[in-house]
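Q: Structure here, sequence nowhere to be found:
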Ligand code: NAP
């Protein structure tokens, strides 16, 4: 069997189109423009690239983008004062602080300062708790993106065996909660899991989020399974000196001969993350104004 390769880039484009359509209707019907504020502390080059991409895509879907760049030595008090202003600003529906932040700042405290209704990264304990309780909150962007890809491919996940490798608060735990909501039988595997190969082999849905290139071998994949590869490892390019390439957690070439469907790296899960950030900002905006939520863009 040769697996269908799931085109995350095209799917993310379709999500952005849906968001843009909804934003246009919000403007026309209600005079409301959803707004996303991004806070960047310091000058980490990778973070600057991410923030620039977020700004560009936010503007492209017709939303307002507010960028706040703070010096690397900003005090916690000054950062919190900015977050408080954004929490109180009715033009801002979503707030995210780009991580990592410098060591003197506590990421958990930063997330906790953001109003949970504007926490479009879905990282706060309030939003994690709402997800775990099956109540409406804002869901972490990458797991939400993976769920969208899965829902597009599998009409009914009920009763399926789902294995999530990785248990981070950012990805593994919310992904497992989302699959549980879909009535999957969910296993969360991690670095202490015994016989990871056997655990993965029973998965109808296998989600790998570890950060170890090629760790998941073709023999670990159940024939016909849907494989979602979240891992990203940057390595020197074998053929292009001085260049790098991105590798996923799954041995793509081997696994695609066994799986029913598989996401590539790059071009699979990655593009979904910012698309879901925009979807979450739209959702937060609709909720703030008591308007119906966009269909298919939230859980
Ligand atoms: P993380 O916080 O480092 O978590 C990694 C998880 O992998 C941990 O739960 C760890 O287990 C587990 N693990 C480590 N070694 C293992 C092994 N040998 N066998 C089984 N499990 C093992 O990372 P993360 O933030 O969740 O991200 C995971 C990967 O996804 C990274 O490559 C990251 O770059 C990527 N990612 C991509 C996107 C995107 O595409 N936009 C977004 C988020 C993350 P323990 O808990 O036991 O240590």
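A: All right, it came through fine. Everything numeric in this text was worked out from a predicted model, so none of it was measured. Residues are numbered from 1 along each chain as shown.
Q: and the stretch 151-299 of the chain, which of its residues are near the ligand?
A: Contact residues, the stretch 151-299 of the chain versus the ligand (CB under 6 Å from any ligand atom): 165-168, 170-172, 189-193, 196, 209-212, 230-232, 269-270, 273. Glycine gets a C-beta too; all of them are placed from N, C-alpha and C.
Q: Pull out the buried residues from stretch 54-63.
A: Within stretch 54-63, the residues scored as buried using 16 or more other CB atoms under 10 Å are 54, 57-58, 61-63.
Q: what sits against the closest residue to residue 288 other than its chain neighbours?
A: Excluding its sequence neighbours, the residue lying closest to residue 288 (CB to CB, 6 or more residues apart in numbering) is residue 93, at 5.7 Å. Residues near residue 93 by CB atoms under 8 Å, 6 or more residues apart in numbering: 34-36, 118, 120, 281, 284-285, 288.
Q: Of all pairs in those residues, which one is the farthest apart?
A: Greatest spatial distance among the contacts of residue 93 (CB to CB): 36 and 288, at 12.8 Å.
Q: Output the contacts of residue 93 as a markdown table; include the columns pLDDT and neighbour count.
A: Output for the contacts of residue 93, formatted as a markdown table (pLDDT from 0 to 100; neighbours: other CB atoms under 10 Å):
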| residue | pLDDT | neighbour count |
| --- | --- | --- |
| 34 | 98 | 27 |
| 35 | 98 | 22 |
| 36 | 98 | 29 |
| 118 | 98 | 26 |
| 120 | 98 | 29 |
| 281 | 98 | 29 |
| 284 | 98 | 26 |
| 285 | 98 | 27 |
| 288 | 98 | 17 |
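Q: can you redo the residues you listed as TSV with distance to residue 262?
A: Formatted as TSV, the contacts of residue 93 follow (distance: CB to CB, whole Å):
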residue	distance to residue 262
34	33
35	37
36	31
118	35
120	28
281	29
284	32
285	34
288	38
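Q: Helices - which of those land there?
A: Using DSSP state H, 281, 284-285, 288 are the members of these that sit in helices.
Q: would you turn those into TSV with distance to residue 151?
A: Converted to TSV, the ones in helices among the contacts of residue 93 look like this (distance: CB to CB, whole Å):
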residue	distance to residue 151
281	20
284	21
285	22
288	25
